[in-house]
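[1] how does the following fold in three dimensions:
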Amino acid sequence: MTVFSKLINRTPFLSSCRIQHLYSTIFFSTDRSAADNEILAYYQKSIKEKQQQLHKHVQGSFKRRQTQAELSNLREAMITSEQKKQSQIIELAPSRISLEIMSSGTCNMEPCLLLRTLTRGYLINCPESTSRMLPYTSLRPNSINDILITSPNIRRIGGISGFMLSQEHGVAPTRIHGPKFVRAYLEFLRPFADAELGEVKYPGTVIEQSWDSGSYKDAAFTINYIPMQHFEPGADAFKPVKNLDERESVAYLIETNPCLRSIDMFKVLKHKVPKGPLIGKLKAGESILLPDGRMITPEDVYMDDEDPSQLKDSKVLIIDAVTMPQLNRFMASPTMQPYFNGSKKLDYIVHLTKPEIFDSELYQSFSSKFDISKTTQIIANGTGAPDPHLESVYRLQAGHSLIDKNFFPSLWPNFEGIINGESSKVIDKKGRIFARPLQRYKQM
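    Numbering: from 1, shown residues only. The predicted model follows:
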């Protein structure tokens, strides 16, 4: 059964004129992409109208249940249409990737990072206020389908439930990478976050991508997991620990896949390549045969000023050791030995490790193994000068303080509406950079 036959059978409120127009758009339009976009726009408009109608009906009434059923059918049809459209898109290695700091942990929000391509984002930890901070990155929640968790601690995962509630229907499943039990935490919260007055509000699903499932690879990254279990030499090496985050944490060695060369659209027009999948094949490095019999190779349309030798992969290490035994396991990891002995090179190290462990002699010895001129080291563990970066929380607290200043005291640090615009890097004695919110490091 097609999407539209299902839509006609299950949504009686659609007018016959509108259905006829949609059919003519599908079967007689010369621009299939424009037709798909029009259909999706119509779905979105209809869903919005039905949501407005839903609030006008009394809870539990027949009209409300009927509207809920129609709304569910519309969403199902829109999801099917979006998935069909997404399946036609060839996933290519992105030409631009950046590392961004959403929070350094010094103020308002626990440490959180964002690996970003032109169309997608990969969150490193998802603390409280992630959904509030995300609009500053210009990324929609539906554009983030991978969350890498370093430790199963509420300071690292407290915002996942709120983040998933901010996603819209039709979003692809969200992969939670790293320690186990994070999905169990979400399932525990689901009954509380999933329904309000009987209405389902949790649009996304979760896939647990645990560290013991092997490396994960997509078009942009190869993500290698470095487990850091709590291990102490001696007879009681595997004795249980009180806190889950002390039992198991995960470091990430993230390798960017070599990106493809950029296409010069002027050359594409010059060779009269038609719009559509043929351009996608050229981007993917495939030669194409045009309808007039000409063979076009990718080299015919690549940018002239781009050096192929510079399109190399980068390697980023994210480490968040919670205890000294975890750090010992990390230092003994076979994955890290080639980097310790210098046979392989790291481009970035991001330190999320808390100050008590970070300041230890062993950790400083690990950090000193890497030449600061070749490896950029970023500290985002809550140390450094406080940087207010969520103005809204101060505005809300100021309003609440009008009710009772003692019950709603001023937040720390004091914020008077002006954020320091100084962009110079703050560097410690060893040349490591103290991260600041909304910093973006050069494209990798």
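[2] show me how the chain divides into domains.
    Domains of the chain are assigned by automatic domain parsing as 3-87, 98-259+312-441, 265-310.
[3] export those domains to JSON lines and append columns for mean pLDDT.
    Output for these, formatted as JSON lines (pLDDT from 0 to 100):
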{"stretch": "domain 3-87", "mean pLDDT": "63"}
{"stretch": "domain 98-259+312-441", "mean pLDDT": "86"}
{"stretch": "domain 265-310", "mean pLDDT": "84"}
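[4] hey, which of these is tucked in deepest?
    Stretch with highest mean neighbour count among those: domain 98-259+312-441 (a mean of 17; mean count of other C-beta atoms under 10 Å). To be clear about C-beta, it is placed using only N, CA and C from the backbone, and glycine gets the same treatment.
[5] how long is that domain from one end to the other?
    This stretch, domain 98-259+312-441, spans 6 Å end to end (C-alpha to C-alpha, to the nearest Å).
[6] any idea how far residue 114 lies from residue 177?
    Remark: distance between residue 114 and residue 177 (C-beta to C-beta, to the nearest Å) = 14 Å.
[7] brain fart, residue 440
    22 Å.
[8] now do residue 439
    When residue 439 is compared with residue 177 (using C-beta to C-beta), they lie 23 Å apart.
[9] cool, residue 411 as well?
    32 Å.
[10] go on, residue 147?
    The value you get for residue 147 to residue 177, if C-beta to C-beta is used, is 7 Å.
[11] also residue 330?
    From residue 330 to residue 177 the distance is 17 Å (C-beta to C-beta).
[12] tell me where the stretch 251-400 of the chain has strands.
    Applying DSSP state E, counting those that start in this stretch to the stretch 251-400 of the chain gives strands spanning 288-289, 295-296, 315-319, 348-351, 376-379.
[13] need these in CSV (columns: distance to residue 97).
    Below are the strands of the stretch 251-400 of the chain laid out as CSV (distance: least, C-beta to C-beta, whole Å):
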stretch, distance to residue 97
strand 288-289, 27
strand 295-296, 28
strand 315-319, 10
strand 348-351, 11
strand 376-379, 15
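[14] of the ones you listed, give the one that comes closest to residue 101.
    strand 376-379 (7.6 Å; C-beta to C-beta).
[15] mind saving the C-alpha coords of that closest one as PDB?
    Extracted C-alpha coordinates of strand 376-379, given in PDB (Å, rounded to 0.1, in the frame of the first residue of the first chain):
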ATOM      1  CA  THR A 376      46.500  20.600  20.500                       C
ATOM      2  CA  GLN A 377      45.400  19.900  24.100                       C
ATOM      3  CA  ILE A 378      42.100  21.400  25.300                       C
ATOM      4  CA  ILE A 379      41.100  21.500  29.000                       C
END
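[16] contacts for that strand next, please.
    Applying C-beta atoms under 8 Å, 6 or more residues apart in numbering, the external contacts of strand 376-379 come out as 101, 104, 347-351, 358, 367, 370, 428, 430-435, 441.
[17] stretch 331-343 too?
    Against stretch 331-343 from outside (C-beta under 8 Å, 6+ apart): 224, 226, 251, 253, 317, 330, 344-346, 362, 366, 369-370.
[18] could I get the residues you listed as a markdown table with distance to residue 302?
    Converted to a markdown table, the contacts of stretch 331-343 look like this (distance: C-beta to C-beta, whole Å):
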| residue | distance to residue 302 |
| --- | --- |
| 224 | 31 |
| 226 | 37 |
| 251 | 37 |
| 253 | 31 |
| 317 | 32 |
| 330 | 41 |
| 344 | 29 |
| 345 | 27 |
| 346 | 30 |
| 362 | 48 |
| 366 | 41 |
| 369 | 39 |
| 370 | 35 |
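[19] closest one to residue 186 out of those residues, please.
    Out of the contacts of stretch 331-343, the member with the shortest distance to residue 186 (by C-beta to C-beta) is residue 251, at 22.4 Å.
[20] could you say which one of the strands of the stretch 251-400 of the chain comes nearest to residue 182?
    strand 315-319 (16.1 Å).
[21] off-centre distance for the closest one?
    A distance of 16 Å separates the centroid of the chain from that of strand 315-319, by C-alpha atoms, centre = their mean, to the nearest Å.
[22] what lines up beside it in the sheet?
    The strands beside strand 315-319 in its sheet (DSSP bridges) come out as strand 248-256 (antiparallel), strand 348-351 (parallel).
[23] wait, which of the ones you listed is closest to residue 283?
    Nearest to residue 283, of the strands paired with strand 315-319 and by C-beta to C-beta, is strand 248-256 at 17.4 Å.
[24] tell me who's in contact with residue 183.
    176, 206, 208.
[25] could you redo the last one with a cut-off of 6 Å?
    Residues in contact with residue 183 (C-beta atoms under 6 Å, 6 or more residues apart in numbering) are 206, 208.
[26] can you give me phi and psi for it?
    phi -60, psi -40 (degrees, to the nearest 10).
[27] distance of it relative to residue 225?
    As defined by C-beta to C-beta, residue 183 lies at a distance of 16 Å from residue 225.
[28] I figured residue 260 was touching residue 219, is that so?
    No: using C-beta atoms under 6 Å as the test, residue 260 is too far from residue 219 to be in contact (9.6 Å).
[29] the stretch 51-200 of the chain: helices as residue ranges?
    For the stretch 51-200 of the chain, the helices defined by DSSP state H, counting those that start in this stretch occupy 62-87, 130-133, 154-157, 160-165, 182-193.
[30] of all those helices, which one is nearest residue 43?
    For those, proximity to residue 43 was assessed by C-beta to C-beta; helix 62-87 is nearest, at 3.9 Å.
[31] so residue 178 bridges to which residues?
    Bridge pairing for residue 178 - DSSP bridges - gives residue 210.
[32] roughly how far apart are the residue nearest to residue 268 when sequence neighbours are not counted and residue 124?
    Closest residue to residue 268 apart from its sequence neighbours, by C-beta to C-beta, 6 or more residues apart in numbering: residue 301 at 5.3 Å. Going from residue 301 to residue 124 by C-beta to C-beta gives 35 Å.
[33] same question for residue 94.
    17 Å.
[34] and if you look at residue 289?
    43 Å.
[35] quick one: contacts for residue 220?
    Here residue 220 is in contact with 94, 117 (criterion: C-beta under 6 Å, 6+ apart).
[36] phi and psi next, for it.
    According to degrees, to the nearest 10, residue 220 has phi -100, psi -40.
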